[in-house]
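# 3D model of this:
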Amino acid sequence: MHRSIAIVSMLVALGCGGTDASGGSGTPTSTCPITTVPAHPTFTVDILPAIQPSCGAAATSCHGGPTASGHVDYSTSLSRTVADVRADLVGVPPANAPAGYDRVRAGDPAHSWIVVKVTSDQPGGSGYGSRMPLGRPNLCQATVDTFVAWISAGAPL
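Below is the predicted model:
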């Protein structure tokens, strides 16, 4: 796990959620929906609430609602539960990624596409899309580390 965290630490990049940390300049410089790594992160309490505000809660967001343009839908509704969203991530090969990845591979952050997508300028090399979320500020280290810890712990609901 320490090696995975070290790799992710070196690749910290854009991510979902959070607030404008521009100091009033209008140009956000960081995103930090999770400011302290929880001891035992879960999808329900930590991960989905960090993702949804900017990536998948609104009907018009890239990863939410009936017109989602991304390959993953993070929205929940009466017909789509938190467990459904997690089931669409864990153990599912991504639609647009190099071979050898799952969207989330429980216990293996190095082969979890979600980690690559939020920590690499050219995830998977050219042809696999952009760093996520597109046009948003960098994820803070605590948020990245929480994603890695959650995946390392088996991606619990």
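
# spit out the contact partners of the residue nearest to Ile47 when sequence neighbours are not counted.
Distances taken as CB to CB, 6 or more residues apart in numbering place Trp150 nearest to Ile47, at 5.5 Å, with adjacent residues excluded. C-beta: built from backbone N, CA, C; applies to glycine. Contact partners of Trp150, counting by CB atoms under 8 Å, 6 or more residues apart in numbering, are Pro41, Thr42, Phe43, Asp46, Ile47, Pro156.

# closest one of these to Gly127?
Proximity of the contacts of Trp150 to Gly127, judged by CB to CB, is greatest for Ile47, which lies at 27.2 Å.

# phi and psi next, for the closest one.
For Ile47, the backbone dihedrals (degrees, to the nearest 10) come out as phi -70, psi -60.

# okay, now it: neighbour count?
The burial metric for Ile47, expressed as a neighbour count using other CB atoms under 10 Å, is 28.

# before we move on, the earlier item: for the helix or strand hosting the residue nearest to Ile47, give the mean pLDDT please.
Assessed by DSSP states H and E, Trp150 sits inside helix 141-152. Per-residue pLDDT over helix 141-152 has a mean of 95.

# give me the buried positions along it.
Of all the residues in helix 141-152, those buried under the rule 16 or more other CB atoms under 10 Å are Gln141, Thr143, Val144, Asp145, Thr146, Phe147, Val148, Ala149, Trp150, Ile151, Ser152.

# repeat for stretch 40-49
Within stretch 40-49, the residues that qualify as buried are Pro41, Thr42, Phe43, Asp46, Ile47, Leu48, counting by 16+ other CB under 10 Å.

# now the first one: how far from Gly154?
In other words, Pro41. 11 Å (CB to CB, to the nearest Å).

# same check on the last one?
Distance of Leu48 to Gly154, given as CB to CB: 16 Å.

# go on, the fourth one?
Between Asp46 and Gly154 the distance, using CB to CB, works out to 14 Å.

# and for the second one?
If you measure Thr42 against Gly154 using CB to CB, the figure is 10 Å.
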